[in-house]
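S.K.: Provided below are the primary sequence and the corresponding predicted coordinates.
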Amino acid sequence: MSFSNARCLAISMLFAGIFFVSPIPHTAALRNAFLLALIVLLVVLWKTPRIAPSASRNPEILALGALTLWMFVQTALWAVDRPASFDDYFREWIGGGVLAAIVGYGIARGLSMTGDARCAGRLPAWIALTLFAHAAWTLAFQLSQWVQTGRYSLGSTPFAEYATLSGVINMAFALLAADAATRWMGDGKLLPWSDRISRTLLFITAVAVVAVMARNGVITVFVVLTLLALLLAWRERARWQVRRGTLAALLALVVAASLFAINFRSDPRWASFVETVPIALDTETHKSWMDDTRYPRPLLKSGEMVDHSAYMRIAWAKVAMEGIQSRPMGFGYGVEAFGRYLKTEYGLTAVSSHSGILDFTLANGIPGLVLFLAFCFLLFRRGWRAWTAGNPWGLALMLTLTNHFVRILLDGHFGSFRLKMVALLLGILYWLTIDERHPQTLPAGRRQAD
């Protein structure tokens, strides 16, 4: 094995390691060790004198800078608990998400600039395989439980809670779906294995999306696939591939509808969801959201209790929006901004409203939300422009961003290791999207011709 290949393997294993251990409980020290090793690698690669395209003046980077600056100013001027907010700001945002994005972007850029662009293009493949490993592990665990007990337990997980594993599996699905669409449209391939392996990995991951029994995970995949169908149909509407594009769009919609239908039929919680909504929104009458040990959980017309998860999410979403209305400039940065609001207003103890977007808005105010939405829009636009110009990594960037955005809209996943994981991946994909010279961005036919 040559030195270049050995170095690429070592770097890839570092990325695989941090993505594998991150969702596993009680591995914070190991996560930090992997991240530290990647930071050291970034410093080594960054010192290499090479001329590279700069992203510092790209509008999406400027938007991220403006958002980061606003969060600092907002916390300095309006934070309810300024010391705690600044601690979260530097630890979670600067030392977490922003640092991880810089590390991912910087290492991919450094590899490309030192003549190892192929290694940079292989990093998402290692990450996809690692994320897929969690999907396969979950299914293997459920099958083993089935063999032992004779009953298949949908939703059972080998570790952590189902919501944690669902987020990881969704990330894998977004990457694998982008690769499958790229192959179908004849744009080459993003991940370096055969079409049969690509389809197999995507199918198993789709099964895991349903098997983990996370409604928000299924909804997120439904949105990602619907978006993919729209993107394919729109891009190919005036090209010779219109028939292929239409078929791909229809296939994506069929898969999305099938996954949702399977989850709807297998998860009994959907049956009472519609009846739960008005009950949960009536926070004045039904106060179980405040303390279910003091206030009984509301009953449905059938006499059964409302689904706890749906009831709490809806009720807390309403309470969070009331907090945003009362403090439009925010409570100060922190993943526990909702908890601070509840403690200030009601004397209650909580952490998240179960919506990362609402938590983020409570923390950083409406201006912070506007800046965050602007950043996401510009990043998505960057992916769209690259994809329509022939760089398929733009599609991976769009789907990964959409997957995370929808998930944090439905779940309180805007922080901790989840933010670092997606920021690290987005940093890599962003470089591959703006690097027009990257060999993986050329369709297979053009690569052979060159």
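M.R.: Arrived safely, thanks for sending. Numbering: from 1, shown residues only.
S.K.: what packs against the helix or strand encompassing Cys8?
M.R.: Using DSSP states H and E, Cys8 sits in helix 3-21. The contact analysis (3 or more CB pairs under 8 Å, 6 or more residues apart in numbering; DSSP states H and E) places helix 3-21 against helix 28-46, helix 99-113, helix 117-149, helix 416-434. For glycine as for every other residue, the C-beta is placed from the backbone atoms N, C-alpha and C.
S.K.: just want the angle from it to helix 99-113.
M.R.: On the basis of axes from the mean of the first three to the mean of the last three CA atoms, to 10 degrees, helix 3-21 is oriented at 160 degrees to helix 99-113.
S.K.: average pLDDT across helix 3-21?
M.R.: Averaged across helix 3-21, pLDDT comes to 90.
S.K.: again, but for stretch 41-60
M.R.: Stretch 41-60 comes out at a mean pLDDT of 74.
S.K.: stretch 199-218 now?
M.R.: Here the average pLDDT along stretch 199-218 is 90.
S.K.: what's the answer for stretch 261-274, then?
M.R.: Stretch 261-274 comes out at a mean pLDDT of 65.
S.K.: and what of stretch 379-389?
M.R.: So the average pLDDT for stretch 379-389 ends up being 94.
S.K.: do the same with stretch 89-108
M.R.: Computed over stretch 89-108, the average pLDDT equals 94.
S.K.: start to end distance for it?
M.R.: 26 Å (CA to CA, to the nearest Å).
S.K.: can you pull the buried residues of that stretch?
M.R.: 89, 92-93, 96-108 (16 or more other CB atoms under 10 Å).
S.K.: now swap in stretch 383-400 and tell me
M.R.: 383-384, 386-387, 391-400.
S.K.: would a markdown table of those with secondary structure and distance to Tyr346 be doable?
M.R.: Formatted as a markdown table, the buried residues of stretch 383-400 follow (DSSP: H, G, I helix; E, B strand; the rest coil; distance: CB to CB, whole Å):
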| residue | secondary structure | distance to Tyr346 |
| --- | --- | --- |
| Gly383 | helix | 41 |
| Trp384 | helix | 43 |
| Ala386 | helix | 47 |
| Trp387 | helix | 47 |
| Asn391 | coil | 50 |
| Pro392 | coil | 49 |
| Trp393 | helix | 47 |
| Gly394 | helix | 45 |
| Leu395 | helix | 45 |
| Ala396 | helix | 43 |
| Leu397 | helix | 41 |
| Met398 | helix | 40 |
| Leu399 | helix | 39 |
| Thr400 | helix | 37 |
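S.K.: how much space separates the spatially most central residue of the chain from Thr285?
M.R.: Central residue of the chain (CA atoms, centre = their mean): His404, 2.8 Å from the mean position. Spatial separation of His404 from Thr285 under the definition CB to CB, to the nearest Å is 36 Å.
S.K.: give me the number of residues near the closest residue to Ile61 other than its chain neighbours?
M.R.: Distance criterion CB to CB, 6 or more residues apart in numbering; nearest residue to Ile61, sequence neighbours excluded, is Ala55 at 5.4 Å. Other residues near Ala55 come to 16 when the count uses other CB atoms under 10 Å.
S.K.: can I take it that Ala55 is in a helix?
M.R.: No. Counting by DSSP: H, G, I helix; E, B strand; the rest coil, Ala55 falls outside a helix, being coil.
S.K.: now do the contacts for it.
M.R.: Ala55 is in contact with 61, 105, 430-431, 434, counting by CB atoms under 8 Å, 6 or more residues apart in numbering.
S.K.: one more time with 10 Å, if that's ok
M.R.: 61, 105, 109, 382, 430-431, 433-435 (CB atoms under 10 Å, 6 or more residues apart in numbering).
S.K.: ok, now how distant is it from Gly427?
M.R.: Taken as CB to CB, the span from Ala55 to Gly427 is 10 Å.
S.K.: shared neighbours of those two, anything?
M.R.: With CB under 10 Å, 6+ apart as the test, Ala55 and Gly427 both reach 105, 109.
S.K.: what's near enough to touch Gly427?
M.R.: So Gly427 contacts 97-109 (CB under 10 Å, 6+ apart).
S.K.: show me where the stretch 301-450 of the chain has its strands.
M.R.: Along the stretch 301-450 of the chain, counting by DSSP state E, counting those that start in this stretch, no stretch forms strands.
S.K.: below-threshold pLDDT in it: ranges please.
M.R.: The model of the stretch 301-450 of the chain has pLDDT under 70 over residues 303, 413, 436-450.
S.K.: try it again at 80.
M.R.: 301-309, 335-336, 348-351, 412-415, 436-450 (pLDDT under 80).
S.K.: ok so, going back, now do the helix holding Cys8: distance to the chain's middle.
M.R.: 22 Å (CA atoms, centre = their mean, to the nearest Å).
S.K.: taking helix 416-434 as reference, get the angle to it.
M.R.: Using the same axes, to 10 degrees: helix 3-21 against helix 416-434 is 140 degrees.
S.K.: and Ala206, how far from Phe222?
M.R.: For Ala206 relative to Phe222 (CB to CB), the value is 11 Å.
S.K.: return the backbone torsion pair for Phe79.
M.R.: No Phe there; residue 79 is Ala. Dihedral pair for Ala79: phi -60, psi 140, per degrees, to the nearest 10.
S.K.: residue contacts, the closest residue to Gln142 other than its chain neighbours?
M.R.: Excluding the flanking residues, the one nearest Gln142 by CB to CB, 6+ apart is Ser156, at 5.6 Å. By CB under 10 Å, 6+ apart, the contact list for Ser156 reads 138, 141-142, 144-146, 162, 211-213.
S.K.: go with 7 Å
M.R.: Applying CB atoms under 7 Å, 6 or more residues apart in numbering to Ser156 gives the contacts 141-142, 145.
S.K.: that one should be in a strand, yeah?
M.R.: No. Using three-state DSSP, the assignment for Ser156 is coil, not a strand.
S.K.: not counting sequence-adjacent ones, nearest residue to Thr164?
M.R.: Pro23 (5.3 Å).
S.K.: touching, the one you found and Ile169? I think so.
M.R.: No. Counting by CB atoms under 7 Å, Pro23 sits too far from Ile169 to count as a contact (9.7 Å).
S.K.: shared neighbours of those two, anything?
M.R.: Joint contacts of Pro23 and Ile169 (CB under 7 Å, 6+ apart) are His134.
S.K.: of these two, who's got more company?
M.R.: Between Pro23 and Ile169, counted using other CB under 10 Å, Ile169 has the larger neighbour count: 28 against 22.
S.K.: any idea which element the more buried one lies in?
M.R.: Using DSSP H and E, Ile169 sits in helix 162-184.
S.K.: all good on my end, thank you.
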